[in-house]
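**Student:** quick one: sequence plus predicted model below, questions after.
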Amino acid sequence: MEDAARTNVPRGEFDFECVPETDRSFETALAKARDGERLTVADGVELMTTGTDREGIDLARKERVLEAADRRRAEVVGDEVTFVANLNNNVTTACNTGCLFCNFKNTAQNFEADSEADHGGFTKTPAESREVVESALETGIYEVTSVSGLHPGLALDDEHLEILDASDRGDLNYKPPAAYETDPGTYVEQMEAMNVGDVHLHSMTPEEAYHARRGTDWSYEEVYGRLKEAGLDSVPGTAAEILVDEVRGVICPGKIGSDEWVEAMEAAAAVGLDTTATIMYGHVENEAHRVMHLKRIRDLQDRTDNITEFVPLSFVHPNTPLAERGMVESGATTHEDELMIAVSRLFLDNIENIQSSWVKYGDEQGLKMLSCGANDFMGTILSEEITKRAGGTFGEFRSFETYVEMITAIGRTPVERSTDYRQTREIDPADPPFGPELGPAADGTPLVPESERSAAAETVADD
Ligand SMILES: C[S@@+](CC[C@H](N)C(=O)[O-])C[C@H]1O[C@@H](n2cnc3c(N)ncnc32)[C@H](O)[C@@H]1O
Ligand SMILES: Nc1c(NC[C@H](O)[C@H](O)[C@H](O)CO)[nH]c(=O)[nH]c1=O
Ligand SMILES: N[C@@H](Cc1ccc(O)cc1)C(=O)O
Ligand code: SF4
């Protein structure tokens, strides 16, 4: 009875050990933040809650936190707002991991060759992935981000397939690829397929790397080493969610634990790959969990120094199991979102770039975040499935023109960047047209996504 009640309690009523209580004061924490001193978790909690001495968010205090973060942003990275010309290419939505915040996935059984189910998901063969990337590359894109469901037929490479085929363990989340209507190939084959013409391949989250070594004694170094060989350039630090196991136990009990996530990220760093880091917040967790997560990321970066950006991902709730089961009624409020960005900037003194996601916040609030501590405004992405399927409504593409217009409207400088931020190009707003120039096939021509390209061609044909 108690168990059932607990899994259905609304937001804020979970039985967590970590709670936002401290013996510090908001004023002391803010003074430390303004002086650039390294913050403790207690300091971070004071800032994130605008003081544990008061109920709710104190709006005057919130403004002071945002101001401190905005000032820090200006000191660390100046007034430039960066963005990248990239494409999302998700390989498959088949996944049995069962994360309760996710509506991107579809039950893998529905993808089997003999299934009649109309599941609405997709799997791409390596050849299909290559086509998507090739076509985007022609338009001037130079990064492909690829994150996918943990398809039971996906293995690292042929050697991994052999190991999985020979195993009689029933707990490996494996079924031979031939059992599925569409064969996704192996991870290595997908990397090789997407590694077209100097494109930067940003793929294989720690959760995917875990899937790519299941049933073997291979280390994460071994796995990331082979993937790098196949063309992988950097690793998306998603699957982090909240790196506190009592929260993971509620929202993603099927996922790797926090320690293993960190282990995989360290391995990626050890083989010379850059990574990003994320937090997905605004579901069942509290402010203490958010700051403990930041601490784990800061500690990791102290050791690896390979995290190029931190990305707060605000939970999108409408179509998710968490919402459907009545475990949450909404995502974070705008005030919480702003504090999340600001405290990330102040707490993560060893990560230069804080990303504002227009997918999660929309244009207006996404721009506001650039004055709350964020300095990066994501990428063009061309297609988006994760947030859309969860019920997000902010679309799937932003053109360079839109970026330049938005960023200049808030008095900041638009700057095109490479995935790793090592290459940047300031854009002159008085010199249109605007298009990517940093990639191999990027000659400044404005980007037009595939859907609009065919629509435009039809219009011409109609005339
Ligand atoms: C959908 S997974 C795909 C990659 C891989 N299956 C994994 O879990 O790492 C990528 C990330 O999307 C984010 N995500 C999923 N559902 C979301 C939602 N409803 N709102 C916000 N972010 C979400 C999570 O942070 C998750 O780790
Ligand atoms: N914040 C979101 C991102 N961010 C990733 C960037 O687009 C880019 O790949 C990264 O900065 C490396 O250059 N991507 C999404 O699809 N959705 C987001 O909400
Ligand atoms: N795929 C993630 C976003 C993401 C991807 C790559 C990153 O490096 C960071 C964030 C989402 O939409 O939720
Ligand atoms: S977040 Fe990733 S692992 Fe979890 S259900 Fe969604 S696709 Fe699967």
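**Tutor:** Thanks, I have it. Ligands and ions are numbered 1, 2, ... in the order given.

**Student:** quick check: the gap between the residue in the stretch 101-250 of the chain that ligand 2 sits nearest to and Lys295.
**Tutor:** Going by CB to the nearest ligand atom, ligand 2 is nearest to Thr145 of the stretch 101-250 of the chain, at 4.2 Å. (Each C-beta comes from the backbone N, C-alpha and C, glycine too.) Distance, Thr145 to Lys295, by CB to CB, to the nearest Å: 27 Å.

**Student:** between the two, point out the one with more neighbours.
**Tutor:** Per other CB atoms under 10 Å, whichever of Thr145 and Lys295 has more neighbours is Thr145, with 21 against 17.

**Student:** just give the nearest non-adjacent residue to the more buried one, would you?
**Tutor:** Of all residues not flanking Thr145 in the chain, His202 sits nearest, at 4.6 Å (CB to CB, 6 or more residues apart in numbering).

**Student:** that neighbour: how many residues sit nearby?
**Tutor:** The burial count for His202: 27, using other CB under 10 Å.

**Student:** and it, that's in a strand?
**Tutor:** Yes: assignment of His202 by DSSP: H, G, I helix; E, B strand; the rest coil places it within a strand.

**Student:** dump the residue contacts of it.
**Tutor:** Asn86, Glu143, Val144, Thr145, Ser146, Asp233, Ser234, Val235, Pro236, Thr276, Thr419 (CB atoms under 8 Å, 6 or more residues apart in numbering).

**Student:** quickly list what it is bridged to.
**Tutor:** Beta-bridge pairing of His202 under DSSP bridges involves Thr145, Ser234.

**Student:** relative to Tyr174, how far out is it?
**Tutor:** Counting by CB to CB, the gap from His202 to Tyr174 is 26 Å.

**Student:** now the helices: where do they sit in the stretch 101-250 of the chain?
**Tutor:** Using DSSP state H, counting those that start in this stretch, the helices found in the stretch 101-250 of the chain span residues 126-138, 158-166, 187-194, 206-211, 220-229, 245-251.

**Student:** those helices: which one's closest to Ser399?
**Tutor:** helix 126-138 (13.6 Å; CB to CB).

**Student:** just the CA trace of that closest one, in CSV.
**Tutor:** The C-alpha coordinates for helix 126-138 follow below in CSV (Å, rounded to 0.1, in the frame of the first residue of the first chain):
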residue,chain,number,x,y,z
PRO,A,126,23.9,2.4,-41.5
ALA,A,127,23.2,3.2,-45.2
GLU,A,128,20.2,5.3,-44.3
SER,A,129,22.2,7.2,-41.6
ARG,A,130,24.9,7.9,-44.1
GLU,A,131,22.3,9.4,-46.5
VAL,A,132,20.9,11.7,-43.8
VAL,A,133,24.4,13.0,-42.9
GLU,A,134,25.6,13.3,-46.5
SER,A,135,22.6,15.3,-47.5
ALA,A,136,23.0,17.6,-44.5
LEU,A,137,26.7,18.0,-45.1
GLU,A,138,26.0,19.4,-48.5
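
**Student:** which residues sit against it?
**Tutor:** 87, 89, 91, 124, 144, 146, 184-185, 189-190, 192-194, 196-197, 199, 382, 439-441, 450.

**Student:** that helix near ligand 2 anywhere?
**Tutor:** No: contact of helix 126-138 with ligand 2 is not found when judged by CB under 6 Å from any ligand atom; the minimum separation is 13.1 Å.

**Student:** that helix versus helix 187-194: what angle between them?
**Tutor:** On the basis of axes from the mean of the first three to the mean of the last three CA atoms, to 10 degrees, helix 126-138 is oriented at 30 degrees to helix 187-194.

**Student:** tell me the mean pLDDT over helix 126-138?
**Tutor:** Throughout helix 126-138, pLDDT has a mean value of 96.

**Student:** and stretch 64-78, by the same measure?
**Tutor:** On average, stretch 64-78 scores 98.

**Student:** ok, stretch 435-443 next?
**Tutor:** In the prediction, stretch 435-443 has an average pLDDT of 91.

**Student:** buried residues of that stretch, list them for me.
**Tutor:** Gly435, Pro436, Glu437, Leu438, Gly439, Ala441, Ala442 (16 or more other CB atoms under 10 Å).

**Student:** once you drop chain neighbours, what's closest to the closest residue to ligand 3 within the stretch 251-400 of the chain?
**Tutor:** Scanning the stretch 251-400 of the chain for proximity to ligand 3 using CB to the nearest ligand atom identifies Thr276 as nearest, at 3.4 Å. Once flanking residues are discounted, Thr276 sits nearest to Gly237: 4.5 Å by CB to CB, 6+ apart.

**Student:** am I right that Lys62 is in contact with His335?
**Tutor:** Yes: if you go by CB atoms under 8 Å, Lys62 and His335 touch, sitting 6.1 Å apart.

**Student:** before we move on, the earlier item: highest neighbour count among the contacts of His202?
**Tutor:** Val235 (29 neighbours).

**Student:** which residues touch it?
**Tutor:** Val235 neighbours (CB under 8 Å, 6+ apart): 202-206, 209, 224, 265, 268, 273-276.

**Student:** cross-check these against ligand 2 and keep the overlap.
**Tutor:** The subset of the contacts of Val235 within reach of ligand 2, by CB under 6 Å from any ligand atom, is His202, Thr276.

**Student:** one step back: what packs against the strand or helix carrying the residue of the stretch 251-400 of the chain closest to ligand 3?
**Tutor:** Using DSSP states H and E, Thr276 sits in strand 274-281. The contact analysis (3 or more CB pairs under 8 Å, 6 or more residues apart in numbering; DSSP states H and E) places strand 274-281 against strand 234-235, helix 258-270, helix 287-304, strand 307-314, helix 334-347.
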